[in-house]
Every structure is written in structure tokens, then in C-alpha cells.
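Engineer: Generate coordinates for the sequence data below:
(one chain, ligands or ions: 1)
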Amino acid sequence: MSLGSVATEIDQAALRGYLVGPGDPSYDTDRRIWNGTFDRHPAVIIRCAGVSDVIAAVKFGRASGLPVAVRSGGHSFPGFSMADDAVAIDLSLMKGIRVDPDRRTAQVQAGVLLGDLDRETQAFGLAVPSGIVTHTGVAGLTLGGGIGWIMRKHGLSIDQLVSVDLVTADGEFLQASADRNADLFWGVRGGGGNFGIVTQFEFRCVPLATQVMAGPVFWPMTQASEVLRFYRDWVADAPDELMTIVINRKAPPLPFVPADLHGKPVVVVACCWAGDVEDGERFIQPLKAFGSPVLDVCVPKPFLTHQAMFDPSFPKGRWYYFKSCDVAELSDEVIDITVEHCLRISSPLTSFPIWHRGGAVSRVGDDETAFNGRSTGFSYNIGASTETSAGFAEEREWVRDFWSALRPWHEGVYVNFLGDEGAERVQQAYGPEKYDRLQALKRKYDPDNFFRINQNIPPESSAP
Ligand SMILES: Cc1cc2nc3c(=O)[nH]c(=O)nc-3n(C[C@H](O)[C@H](O)[C@H](O)COP(=O)(O)OP(=O)(O)OC[C@H]3O[C@@H](n4cnc5c(N)ncnc54)[C@H](O)[C@@H]3O)c2cc1C
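Structural biologist: Purely as a prediction, here's the structure:
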């Protein structure tokens with residue numbers, strides 16, 4: 001099948017959205033995704049405007065025999081939302097959000113980004129737990145679990161999920177919730193895009209004041225060993241209101257960072273207190289008083305401002321590489337390995353989070369959702385970044401070395417932080433029991449593995 005003919009085989013007149021093929025003026029923009037290392041050329045991009053388009057796109061994808069990629073926010077680390085010579089089903093135009101402040105629920109279409117959702121919910125002093133960069137897609141993030149600034153108080157994104165609307169591999173429309181297609185509802189809460197295309201999510205909203213005590217405190221990286229030991233002990237009995245993320249990097253040239261600090265290696269503890277601002281100020285004080293911080297911008301501020309704090313560090317189009325693992329605790333050995341490797345960061349753009357876990361996330365029953373690793377201590381999302389391909393291979397090697405050095409302490413991995421690392425790593429992300437259960441679901445809802453450009457759970461394991 002020639003690529004030129006593909007776009008004409010799906011009837012534009014049958015769509016509310018539109019088709020984009022090679023040669024169309026917007027093709028090169030529309031095929032681009034967040035991670036600039038991927039320069040993929042799909043046969044056609046179907047930019048869906050609603051459920052009927054998604055059904056038509058799935059049926060077309062099936063009839064074409066081409067591989068099918070699904071794109072919402074386009075932030076997949078391994079670039080699974082775009083593929084060469086594939087049908088790319090693009091949901092990014094589906095941006096509807098409706099918050100019901102009385103029922104405290106939000107209806108959210110698949111193309112919504114985190115920042116859009118925050119704006120709509122915060123207008124009512126509400127929030128849906130999500131992630132830490134506003135241009136990430138709600139869809140992919142939620143389907144993998146969804147970790148972020150208020151999770152220790154209010155759980156993962158999936159812990160506030162009420163229902164989904166979904167189009168199956170046969171183009172059938174289904175709804176899944178606790179009492180409708182409950183098996184599928186279990187699977188979509190962590191199982192990613194394996195079972196169908198979610199067109200709409202319904203979330204419960206949680207109360208969250210528009211003003212929070214939040215932001216980063218910086219120390220020179222030469223003090224990282226002491227700072228991380230203090231940090232570990234300090235967060236050990238922190239209340240659920242406190243969420244922290246540790247960043248090791250060269251200080252970025254952002255407006256709030258003094259010029260003499262730009263480019264200097266720093267260790268940063270970023271906080272967010274999901275509760276009363278004065279309580280937060282009190283609890284965070286000992287951190288601010290530890291050692292000699294070179295910058296402290298942890299202050300009362302709008303939650304929306306805090307949510308956007310990391311946006312400039314992770315813009316679309318740079319070259320990125322990640323490798324992740326969970327660890328039970330920040331033992332002395334883990335801290336020493338962390339410091340040793342972070343002192344070797346070369347790229348001024350490389351910046352990666354170490355996530356504090358626990359809190360409300362760990363109190364949801366492990367079997368309630370497909371998400372795995374609720375009781376882990378910390379998540380390392382070791383990542384490197386360069387502006388272009390120049391210097392990228394060296395930074396990627398640094399990530400791999402660092403990750404390998406932590407191997408004796410690896411506990412598991414969050415599926416949304418995986419790269420294209422093969423079947424064994426996907427199995428590690430779910431653990432054997434959940435993986436078996438997910439495979440059984442896959443056999444029921446997508447026996448032909450139509451949705452396979454993802455962190456794939458094949459219906460059958462291949463023979464060893
Ligand atoms: C800058 C950045 C910040 C991040 N921060 C966080 C964070 O704070 N917390 C966190 O938990 N994760 C975070 N992540 C990881 C993020 O959760 C995943 O990359 C997620 O897949 C992004 O979703 P998306 O819709 O933007 O991605 P896409 O690339 O559009 O989708 C990724 C995959 O999800 C599936 N998918 C997407 N949409 C649908 C749909 N509607 N129906 C069915 N399947 C679908 C497909 O398999 C697709 O390949 C971050 C990623 C980036 C790049």
C-alpha cells in the first residue's frame with residue numbers, strides 16, 4: 001500500500017476532525033511529539049474531534065492492516081504515540097472539560113493537558129491529583145497511574161477516577177466503572193493503553209486551596225551528601241500534606257535563580273504542602289534552616305504557579321533519555337551512589353526527579369487497581385537531556401551507568417517512566433500476578449494485540 005493512498009482510504013467526509021498525511025502543510029508539526037529524539041513519519045494522522053471519529057479511526061486502522069499509535073498529550077518517554085508508516089490516532093483536539101462543583105466531579109476529554117485541568121478545577125478550589133509538568137497529557141498519565149504533587153494527600157490520579165468512556169479494538173464503545181465492566185476498570189487504572197482508546201475520564205475532585213506553601217530550596221551539590229541524609233530523616237515521618245521531589249542538576253538560568261548560580265551544580269529539595277499554608281511553613285522550616293541554602297523560593301504561592309515550576313526544564317523537542325527504578329529507602333549507599341553520579345552531570349539541561357512516595361497512595365489496597373508499587377519509598381526517574389543530538393550519547397551513558405549502579409536496590413518501576421525496554425521490564429513494572437491478570441484482560445478486550453505500540457501486555461507470552 002503506497003503511503004500516499006492511505007489518507008484517501010478513510011473518508012474525510014465521515015470525520016468531524018481531519019486527516020493529515022505526508023505532504024500536508026501541518027504534517028511536520030502534527031507528527032512531532034515531546035521527545036525530540038523521535039522523528040517518526042506516520043502514514044496518516046487522524047486528528048479526532050470526538051468519539052465518532054475515534055470509532056471510525058479504529059475501524060480504519062483495522063482495515064488498513066497498518067500499525068496503530070495513539071496520541072493524547074504526546075509525552076511518552078519512548079515516543080510510543082507516533083510511529084513510522086502507522087495510523088496515528090490523535091486525540092489532542094479533544095479538549096473538553098466540565099467541572100461540577102456541587103458533585104465535585106470533572107469530565108475530562110482525552111486531549112486535555114494537566115495545566116488545562118488544573119485551571120478548571122482550581123476555579124472552584126478543587127483539584128484532580130495529576131503530575132508536575134503542565135503540558136503532559138491527562139490521558140497517558142492517568143492510564144499509567146499518575147503521580148504528582150498532591151498524591152501523598154489525595155492519592156494517584158487513578159485513585160480519583162470514577163469512570164472512563166472507551167473505544168475497543170473492534171470499534172465498540174464501552175463505559176467502565178466500579179459497577180460497569182469492572183474488570184476493564186481495574187485494568188485501565190495502571191494498565192496503560194492496552195485495552196482501548198479512552199475518549200473521556202470522569203474524576204472525583206478533591207478540595208485544594210488556590211494558595212499553597214511550595215517551591216524549591218537549593219544547596220551547592222558539594223553538600224548533597226549531608227543534605228540528602230538530613231532530607232531522608234526529615235521526610236521519614238512527614239504528614240501526607242507534604243510532598244517532596246529532589247532534583248540534582250546544574251542551576252538553570254531561570255528568572256528566580258541569581259545569575260551567579262547559573263550553571264553551578266546544585267541539589268534541590270522542592271516541596272508542596274497540600275494543606276493549611278501556616279502549617280506548611282512550620283513543618284518545612286527545619287529544611288530551610290539546614291546547612292546554608294544558596295536559594296530558597298519555598299514560599300506561599302498559587303498552586304497553578306507551583307504546578308508550572310518544572311515546565312521550562314522539560315520543553316518539547318529537546319533530546320531526552322530516561323531510565324527509572326523504585327527503591328525502598330535512601331540508604332547511605334543509595335545516597336552515596338546518587339551523589340557520586342550527580343557530580344558527573346555534564347549537560348546544563350539534565351535534570352531529573354527523585355520522588356518521595358508513600359502517604360495516601362500506599363493506603364489503597366494493592367489489588368484494587370492494576371498499578372503496582374504502592375508501598376515503595378522513592379522513585380528515581382533518572383533522565384538526561386540535550387538540546388540536539390550533540391552530546392546526547394554521553395548523557396545517555398551517564399543515565400545507564402547511574403541506573404546500573406543502583407541495581408542492587410531496584411524494587412520495581414513505574415510503568416509511565418519506562419522507555420522502550422522490552423517485555424521483561426513491562427513485567428517487572430506489574431509484577432507476576434498483576435501481569436497475568438492483565439494478560440487475561442488483554443485476551444478478552446484486545447485478543448489480536450491491535451493496541452501494541454505501548455508498554456505492551458501481549459495476550460499470550462511468547463515461548464522462551
Ligand atoms: C515532561 C514530562 C513530565 C512528566 N511528569 C509526570 C508526572 O508528574 N507524573 C506522572 O505520573 N508521569 C509523568 N510523566 C510521564 C507520563 O505520565 C507519561 O509520559 C504519559 O504517557 C504521558 O501521557 P500523554 O497523554 O502526554 O502521552 P502520549 O504520548 O500521548 O501517550 C502515551 C501512551 O499512552 C497511551 N495513551 C495515550 N492516550 C491514550 C488514550 N486516550 N487512550 C488509550 N491509551 C492512550 C498510548 O499507549 C500512548 O502511547 C511525565 C512525562 C513527561 C514527558
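Engineer: Which residue is it, in the stretch 151-300 of the chain, that comes closest to the ligand?
Structural biologist: Nearest residue of the stretch 151-300 of the chain to the ligand, counting by C-beta to the nearest ligand atom: residue 193, 2.6 Å away. Where C-beta positions appear, they are placed from N, C-alpha and C, glycine not excepted.
Engineer: Next, the contact list for that residue, please.
Structural biologist: 70, 140, 143, 451, 454 (C-beta atoms under 8 Å, 6 or more residues apart in numbering).
Engineer: Assumed it was part of a strand.
Structural biologist: No - secondary structure of residue 193 (DSSP: H, G, I helix; E, B strand; the rest coil): helix, not part of a strand.
Engineer: From residue 173, how far out is it?
Structural biologist: Here the criterion is C-beta to C-beta, to the nearest Å. By it, residue 193 lies 16 Å from residue 173.
Engineer: same check, this time on residue 253
Structural biologist: Counting by C-beta to C-beta - residue 253 and residue 173 are separated by 49 Å.
Engineer: before we move on, what about residue 337?
Structural biologist: From residue 337 to residue 173 the distance is 49 Å (C-beta to C-beta).
Engineer: What residues does the stretch 101-250 of the chain have near the ligand?
Structural biologist: 110, 131-133, 136-137, 139-141, 143-144, 146-148, 192-193, 197-198 (C-beta under 6 Å from any ligand atom).
Engineer: which stretch of helix or strand covers residue 402?
Structural biologist: Take DSSP states H and E as the rule and residue 402 turns out to sit in helix 392-405.
Engineer: buried stuff in that helix?
Structural biologist: By neighbour count on 16 or more other C-beta atoms under 10 Å, the buried set for helix 392-405 is 392, 395, 396, 398, 399, 402, 403, 405.
Engineer: need the residues you listed in CSV with pLDDT and distance to residue 305, can you?
Structural biologist: Formatted as CSV, the buried residues of helix 392-405 follow (pLDDT from 0 to 100; distance: C-beta to C-beta, whole Å):
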residue, pLDDT, distance to residue 305
392, 96, 31
395, 95, 30
396, 97, 33
398, 97, 32
399, 98, 30
402, 98, 31
403, 98, 32
405, 98, 36
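Engineer: Now do the same contact list for the closest residue to residue 299 other than its chain neighbours.
Structural biologist: Once flanking residues are discounted, residue 299 sits nearest to residue 215: 5.9 Å by C-beta to C-beta, 6 or more residues apart in numbering. Residues near residue 215 by C-beta under 8 Å, 6+ apart: 270, 271, 297, 298, 299, 301, 306, 309.
Engineer: how about the residue positioned nearest the centre of the chain, what does it touch?
Structural biologist: Geometric centre of the chain, nearest residue: residue 141, 4.4 Å, by C-alpha atoms, centre = their mean. By C-beta under 8 Å, 6+ apart, the residues touching residue 141 are 73, 75, 114, 130, 131, 157, 416.
Engineer: ok so, going back, just the buried subset of the residues of the stretch 101-250 of the chain next to the ligand, written out for PyMOL, thanks.
Structural biologist: Buried residues within those, by 16+ other C-beta under 10 Å, are selected in PyMOL with:
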select buried, resi 110+131+132+133+136+137+139+140+141+143+144+146+147+148+192+193+197+198
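Engineer: Now, the residues of the stretch 101-250 of the chain next to the ligand that are in helices?
Structural biologist: 139, 140, 141, 143, 144 (DSSP state H).
Engineer: which residues touch the second one?
Structural biologist: What it means is residue 140. Counting by C-beta under 8 Å, 6+ apart, the residues that residue 140 touches are 72, 73, 75, 76, 81, 192, 193, 416.
Engineer: Next one: the first one from the ligand, what distance?
Structural biologist: With distances taken as C-beta to the nearest ligand atom, to the nearest Å, residue 72 is found 3 Å from the ligand.
Engineer: Where does pLDDT dip in the protein?
Structural biologist: 1-9, 463-464 (pLDDT under 70).
Engineer: circling back: the residue nearest to the centre of the chain and residue 316, how far apart?
Structural biologist: With distances taken as C-beta to C-beta, residue 141 is found 16 Å from residue 316.
Engineer: what's stretch 225-243 in contact with?
Structural biologist: So stretch 225-243 is contacted by 148-153, 219, 244, 246, 267, 269, 271-275, 279-280, 283-284, 286-287, 290-291, 329-330, 332, 335-336, 338-339, 356, 359-360 (C-beta under 8 Å, 6+ apart).
Engineer: any chance of the contacts of residue 215 in JSON lines, with distance to residue 95 too?
Structural biologist: Below are the contacts of residue 215 laid out as JSON lines (distance: C-beta to C-beta, whole Å):
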{"residue": "270", "distance to residue 95": "29"}
{"residue": "271", "distance to residue 95": "31"}
{"residue": "297", "distance to residue 95": "32"}
{"residue": "298", "distance to residue 95": "33"}
{"residue": "299", "distance to residue 95": "32"}
{"residue": "301", "distance to residue 95": "26"}
{"residue": "306", "distance to residue 95": "23"}
{"residue": "309", "distance to residue 95": "23"}
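Engineer: Among those residues, which ones are in strands?
Structural biologist: Of the positions in the contacts of residue 215, 270, 271, 299, 301 sit in strands, assigned by DSSP state E.
Engineer: Most neighbours among those residues, please name it.
Structural biologist: residue 271 (25 neighbours; other C-beta atoms under 10 Å).
Engineer: what does the stretch 351-464 of the chain put close to the ligand?
Structural biologist: So the stretch 351-464 of the chain meets the ligand at 416, 454 (C-beta under 6 Å from any ligand atom).
Engineer: from the stretch 351-464 of the chain, which residue is nearest to the ligand?
Structural biologist: Closest point on the stretch 351-464 of the chain to the ligand, by C-beta to the nearest ligand atom, is residue 454, at 3.3 Å.
Engineer: where do the helices sit along the stretch 351-464 of the chain?
Structural biologist: Along the stretch 351-464 of the chain, counting by DSSP state H, counting those that start in this stretch, helices occupy 360-363, 392-405, 423-445.
Engineer: repeat for the stretch 51-200 of the chain
Structural biologist: 51-64, 114-122, 138-144, 151-154, 182-188.
Engineer: Pull the contacting residues for the residue in the stretch 201-350 of the chain positioned nearest to the ligand.
Structural biologist: Using C-beta to the nearest ligand atom, residue 314 is the residue of the stretch 201-350 of the chain that sits closest to the ligand, at 3.7 Å. Residues in contact with residue 314, defined by C-beta under 8 Å, 6+ apart, are 133, 320, 351, 385.
Engineer: So which of those residues is the closest to residue 28?
Structural biologist: residue 320 (19.7 Å; C-beta to C-beta).
Engineer: Next, format the contacts of residue 314 as JSON lines and append distance to residue 210.
Structural biologist: Below are those laid out as JSON lines (distance: C-beta to C-beta, whole Å):
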{"residue": "133", "distance to residue 210": "20"}
{"residue": "320", "distance to residue 210": "31"}
{"residue": "351", "distance to residue 210": "27"}
{"residue": "385", "distance to residue 210": "31"}
